[in-house]
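Novice: curious how this folds, go ahead:
(one chain, ligands or ions: 1)
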Amino acid sequence: MHFLFKLPGVRTYIDPHTYEDPNQAVHEFAKEIEASCITIERVIGAGEFGEVCSGRLKLPGKRELPVAIKTLKVGYTEKQRRDFLGEASIMGQFDHPNIIHLEGVVTKSKPVMIVTEYMENGSLDTFLKKNDGQFTVIQLVGMLRGIAAGMKYLSDMGYVHRDLAARNILINSNLVCKVSDFGLSRVLEDDAEAAYTTRGGKIPIRWTAPEAIAFRKFTSASDVWSYGIVMWEVVSYGERPYWEMTNQDVIKAVEEGYRLPSPMDCPAALYQLMLDCWQKDRNSRPKFEEIVNMLDKLIRNPSSLKTLVNASSRVSSLLAEHGSLGSGAYRSVGEWLEAIKMGRYTEIFMENGYSSMDAVAQVTLE
Ligand code: ACK
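Specialist: As a prediction, this is how the structure comes out:
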């Protein structure tokens with residue numbers, strides 16, 4: 001066994017739960033930092049366990065670094081401390097340019113802290129919403145390539161993320177994206193998107209593969225499904241997947257074969273990759289390695305990104321997903337789109353000459 005673990009390139013992730021003493025896991029995988037090496041500058045957000053701050057880390061003999069500091073609020077329970085530091089025990093096992101890097105932990109003084117590299121542009125969903133329409137397709141594909149490379153590394157390590165979503169990706173000033181938010185049960189407990197399923201699990205429904213929702217089958221293949229949702233979030237600049245549909249409606253629609261329509265101005269090759277990630281049969285989905293290779297190919301040959309999913313095929317896909325038009329049940333295109341929760345497409349329909357229900361009914365579905 002010792003020999004196996006020593007094989008180069010075959011590092012596997014060790015679940016901190018396998019340690020009888022969780023404190024031992026932390027110190028196995030995370031460096032202890034003296035509180036005096038850290039200068040806290042400002043609060044940048046709130047985590048479940050306490051504030052997230054930005055600041056500087058000056059280790060002896062090293063250059064000063066900008067860092068993010070997660071703190072554990074005073075009055076925590078032993079379980080909260082364990083769960084909080086559990087993230088550091090996981091993060092500390094990873095070493096990859098697209099995985100958030102752990103500098104270390106402060107556990108010998110209070111407040112308890114987790115210190116990571118600083119990501120200037122914060123979380124990807126917020127960043128994209130703030131910069132709607134501002135990037136080239138190549139820049140967006142570059143972000144997606146980074147996330148896929150990080151996920152390939154995690155899947156090679158045998159780690160299943162379970163909560164891959166744009167809100168859990170951080171982006172730095174060079175637009176490098178890194179996967180963050182690691183945890184065990186905790187990951188889903190502090191995610192506002194996670195909802196209880198009928199079977200009692202807490203799951204971020206819109207990002208989660210059907211088999212993981214239905215029978216908790218979380219694997220790298222279910223992470224691939226979530227990755228497809230992240231692709232959709234990125235290309236649509238932080239739009240909410242399935243918009244205002246309820247979780248129950250999302251589960252039902254996906255089960256019936258419905259898939260998110262292509263974002264506006266989306267290269268056909270990217271939308272095809274999203275659809276591949278959303279195959280019902282998890283074994284038919286691409287592996288992260290294949291996704292990275294595919295994105296590399298697209299980046300090397302940018303003209304391959306010029307073919308966009310066009311408006312009429314977006315119309316056809318909406319029609320295909322929603323079946324018949326209800327034989328004259330709707331008086332206008334707008335009313336029909338509202339009824340199928342696609343009201344936001346009304347303008348596109350009008351622009352493309354589908355201004356009456358008759359015109360819509362003429363669209364062929366091939
Ligand atoms: O979108 P944001 O600015 O990016 O708001 C959230 C907030 O803290 C709560 O999680 C930000 N944040 C978390 N980790 C980091 C980090 N390593 N670098 C920069 N910002 C971070 C996140």
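
Novice: list the contacts of stretch 100-112.
Specialist: Stretch 100-112 has contacts (CB atoms under 8 Å, 6 or more residues apart in numbering) with 23, 26, 30-35, 38, 50, 57, 65, 67, 71-74, 76, 81, 84-85, 88, 91-92, 94-95, 113-117, 119, 170, 178-180. Placement of C-beta: from N, CA and C, glycine included.

Novice: so of those residues, which ones are in strands?
Specialist: With DSSP state E as the criterion, strands contain 38, 57, 65, 67, 71, 113-117, 170, 178-179 from among the contacts of stretch 100-112.

Novice: please pick the buried ones from those residues.
Specialist: 38, 57, 67, 71, 113-117, 170, 178-179 (16 or more other CB atoms under 10 Å).

Novice: filtering those by proximity to the ligand, which remain?
Specialist: Residues of those in contact with the ligand (CB under 6 Å from any ligand atom): 116, 170.

Novice: what about dumping the CA coordinates of the longest helix seen in the chain to CSV?
Specialist: Scanning the chain for the helix with the most residues, using DSSP state H, yields helix 137-156. Provided in CSV are the C-alpha atoms of helix 137-156 (Å, rounded to 0.1, in the frame of the first residue of the first chain):
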residue,chain,number,x,y,z
VAL,A,137,-15.7,34.4,-26.7
ILE,A,138,-12.0,33.3,-26.4
GLN,A,139,-11.8,34.9,-23.0
LEU,A,140,-15.0,33.1,-21.9
VAL,A,141,-13.7,29.8,-23.3
GLY,A,142,-10.4,30.5,-21.4
MET,A,143,-12.3,30.8,-18.1
LEU,A,144,-14.2,27.5,-18.9
ARG,A,145,-10.9,25.8,-19.8
GLY,A,146,-9.4,26.7,-16.5
ILE,A,147,-12.4,25.4,-14.5
ALA,A,148,-12.4,22.2,-16.5
ALA,A,149,-8.6,21.7,-15.9
GLY,A,150,-9.2,22.2,-12.1
MET,A,151,-12.1,19.7,-12.2
LYS,A,152,-10.0,17.2,-14.1
TYR,A,153,-7.4,17.5,-11.4
LEU,A,154,-10.0,16.9,-8.7
SER,A,155,-11.6,14.0,-10.5
ASP,A,156,-8.1,12.4,-10.9
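
Novice: do it and the ligand meet?
Specialist: No: using CB under 6 Å from any ligand atom, helix 137-156 stays clear of the ligand, coming no nearer than 14.0 Å.
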